[in-house]
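Undergrad: Fold the following for me, if possible:
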Amino acid sequence: MREPFFYDITLRDGNQSLKKPWQLSEKCLIFDKLRELNVQAVEVGFPASSHMDFEACKTLADKAWNNLVVSALARTVQKDIDSAVLAIGHAQIPRIHVFLTLSPFHMKYVLNKDPNYCAHTAIEAVKYAYESAKKTNKNAQIQFSVEHFGDCENNIDFVVDTLKQIVKSGASVINLPNTVERKRPRVFINLVEKVIDALGNDVVISMHNHNDLGMATATTVEGYFSGVTQLECCLNGLGERAGNTDFAQVAVALYNSGVSVPVNLDKIYETAITISQMSKVPIYEKAPLVGPEALAHRSGIHQDGAIKTKDMEFGAYRPIRPSLIGRDDDEKIGFTSQSGKSAVYEIINNAGYPITLDEAVRLTPVVKEISEQKGELGADEILNVYFDKILNIEGAFELISFRHESSDKFRLEFKFKNEYKEAFGRGNGPLDACLDALKNAGFERKLSFYKQYALDEDKFGSGASAMSVINLIGHNGEEIIGRAIDKNTAKANVKAIFNALNQLYK
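TA: Numbers count the residues shown, from 1 in each chain. Purely as a prediction, here's the structure:
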């Protein structure tokens, strides 16, 4: 399968749509980002549009890396072409991008010119661009765009005949823009395929799609599979009106379709954030791949599947592994009234607190009830429920103190139903000794499980360095989980026992 050729238009089409177009320093920074992405061609601007744009194009051509195609836009007039050649002709591979409409509507109502005049103008402009550029640089290329190609259904034969002459005049790339997206992708691709069939392998066919109906990505991806090689895309989908084809979406869609994509995909997310900040165009929260909500799960069914497959390359309820585009550990599990036990389990575990699925089941109705009133809950709010219902359980028992009396003898002071108790116990460590003391006080319980976890002091504070988890055998043989946190590991063990006892003696 042939390799797609990514032609980025952020610095030209994206820039021209901004409320405050970029300055040279900003364009240089974006150019560096495009280098990190490893794009194959960059349209650096429209040199004839202003002195500032001319200087920017010239500077970026100087900065171009090896084998990068540096392109500049020009109308079918000699002064535009001369300006483009002067601005970028010194690049390793300069490309002069000439455009003119061949759409019946646009020729008649915007240009007020007849089709033959437009065809002749385009052919002569390409010929002039080819001769001028080649005099400056033997590696120069010419690209011609049929502006409003998507509106050429009724004169496609005329367009094809004109393009044949344009190729003979020196164009090696024919770009077919859906300048205004009016219809479904298949209608546009049918037109593109007619050009591909007519021109064969003599020329590179390119696509430039606007997103007026929200289908630019679909059209571009399907265009590639229909024979288009050059894909004109814009970072963050910037561009006139509803924007251009989104670079990231096309690259990932092709990757997911088994195409070898020559782009550093792991730079996509970082680049998207940079472009949003520099353009002052926010990434909307549901934006595919890079939006804040693009990898969020709130439905309990979705969360369960996402959590179970989070370490897999192909995951449930997500299009990619987040790290593919540089979004490491960025999959979000939020909790609302639509969420379930899997979300509770994952959120608490991710916060650094061990929890069992049974405990998550126990907490879920409580958290749901709160969420029904407040909406989505943050991790801190869910942890408050965890502390209240799992760690800080009130009941019949109240620990007062537990301390060494001698090398193997411990003294336990506590209250049971507000009645003061004192007991002594022996054992291999405070856990055994506490259970022995409780036995001597008439509260015998068997231990079936014990584990202690070290906690991150940066996360939980200097007063919480250990969590003890114990299982006691209940009245009917069931296992009761007790948990406690304390800086003193021995005290954490004893507090965990009392946590379990309070579940048994409510």
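Undergrad: Spell out the secondary structure type for the spatially closest residue to residue 141 that is not a sequence neighbour.
TA: What sits nearest to residue 141 in space, not counting adjacent residues and going by C-beta to C-beta, 6 or more residues apart in numbering, is residue 95, at 4.2 Å. Glycine gets a C-beta too; all of them are placed from N, C-alpha and C. Counting by DSSP: H, G, I helix; E, B strand; the rest coil, the backbone at residue 95 sits in strand.
Undergrad: Residue 95 against residue 140, yeah?
TA: Yes: applying C-beta atoms under 8 Å, one finds residue 95 in contact with residue 140, separated by 7.1 Å.
Undergrad: Could you find the closest non-adjacent residue to residue 92?
TA: Residue 92 sits nearest to residue 64 (C-beta to C-beta, 6+ apart), 6.2 Å away.
Undergrad: was I right about the one you found contacting residue 91?
TA: Yes: contact criterion C-beta under 8 Å: residue 64 and residue 91 qualify, at 5.1 Å.
Undergrad: what residues are shared contacts of these two?
TA: residue 70 (C-beta atoms under 8 Å, 6 or more residues apart in numbering).
Undergrad: quick one, which of these two is more surrounded?
TA: residue 91 (24 against 20; other C-beta atoms under 10 Å).
Undergrad: Could you look up the SS state of the more buried one?
TA: coil.
Undergrad: give the contact list for it.
TA: Contacts of residue 91 (C-beta under 8 Å, 6+ apart): 61, 64, 68, 70, 137.
Undergrad: so what's it scoring on pLDDT?
TA: Listed pLDDT for residue 91 reads 97.
Undergrad: what residue ranges in this structure are flagged as low confidence?
TA: Along the chain, the parts satisfying pLDDT under 70 run over 407, 456-464.
Undergrad: Got the domain ranges for it?
TA: 5-263, 296-391, 397-504 (automatic domain parsing).
Undergrad: out of the ones you listed, nearest to residue 281?
TA: domain 5-263 (6.5 Å; C-beta to C-beta).
Undergrad: coming back round to it: now the domains of the chain in JSON lines, with distance to residue 274?
TA: Output for the domains of the chain, formatted as JSON lines (distance: least, C-beta to C-beta, whole Å):
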{"stretch": "domain 5-263", "distance to residue 274": "6"}
{"stretch": "domain 296-391", "distance to residue 274": "12"}
{"stretch": "domain 397-504", "distance to residue 274": "29"}
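Undergrad: Would you tell me which of those domains gets closest to residue 286?
TA: domain 296-391 (9.3 Å).
Undergrad: chain center to the closest one: distance?
TA: 19 Å (C-alpha atoms, centre = their mean, to the nearest Å).
Undergrad: Ends of it, what's the gap?
TA: 29 Å (C-alpha to C-alpha, to the nearest Å).
Undergrad: in this protein, which residue is closest to the centre?
TA: residue 290 (3.0 Å; C-alpha atoms, centre = their mean).
Undergrad: What separation is there between that one and residue 153?
TA: To residue 153, residue 290 is 34 Å away according to C-beta to C-beta, to the nearest Å.
Undergrad: swap in residue 504?
TA: In terms of C-beta to C-beta, residue 504 sits 78 Å off from residue 153.
Undergrad: now for the one helix or strand residue 167 maps to, which elements pack on it?
TA: In the assignment (DSSP states H and E), residue 167 maps to helix 156-168. Applying 3 or more C-beta pairs under 8 Å, 6 or more residues apart in numbering; DSSP states H and E, we find helix 156-168 packed against helix 115-136, strand 141-147, strand 173-178, helix 185-199.
Undergrad: Spell out the residue ranges of the strands in the stretch 401-506 of the chain.
TA: 409-416, 419-426, 447-454, 466-473, 479-486 (DSSP state E, counting those that start in this stretch).
Undergrad: Name every strand pairing with the second one and say which way it goes.
TA: Looking at strand 419-426 with DSSP bridges, its partner strands are strand 409-416 (antiparallel).
Undergrad: chain center to the strand it pairs with: distance?
TA: That offset, for strand 409-416, works out to 56 Å (C-alpha atoms, centre = their mean).
Undergrad: thinking again about what came up before, PyMOL command for the buried members of the contacts of residue 91?
TA: To isolate the buried ones among those in PyMOL, judged by 16 or more other C-beta atoms under 10 Å, type:
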select buried, resi 61+64+68+70+137
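Undergrad: Can you say which two of the contacts of residue 91 are spatially most distant?
TA: Pairwise distances across the contacts of residue 91 peak at 13.7 Å for 68 and 137 (criterion: C-beta to C-beta).
Undergrad: distance of residue 103 from residue 73?
TA: In terms of C-beta to C-beta, residue 103 sits 18 Å off from residue 73.
Undergrad: now residue 198
TA: From residue 198 to residue 73 the distance is 25 Å (C-beta to C-beta).
Undergrad: Please apply the same query to residue 254.
TA: Residue 254 is 26 Å from residue 73, by C-beta to C-beta.
Undergrad: Compare the two (neighbour count), which wins?
TA: Comparing residue 254 with residue 73 by neighbour count (other C-beta under 10 Å), the higher total belongs to residue 73, at 25 against 22.
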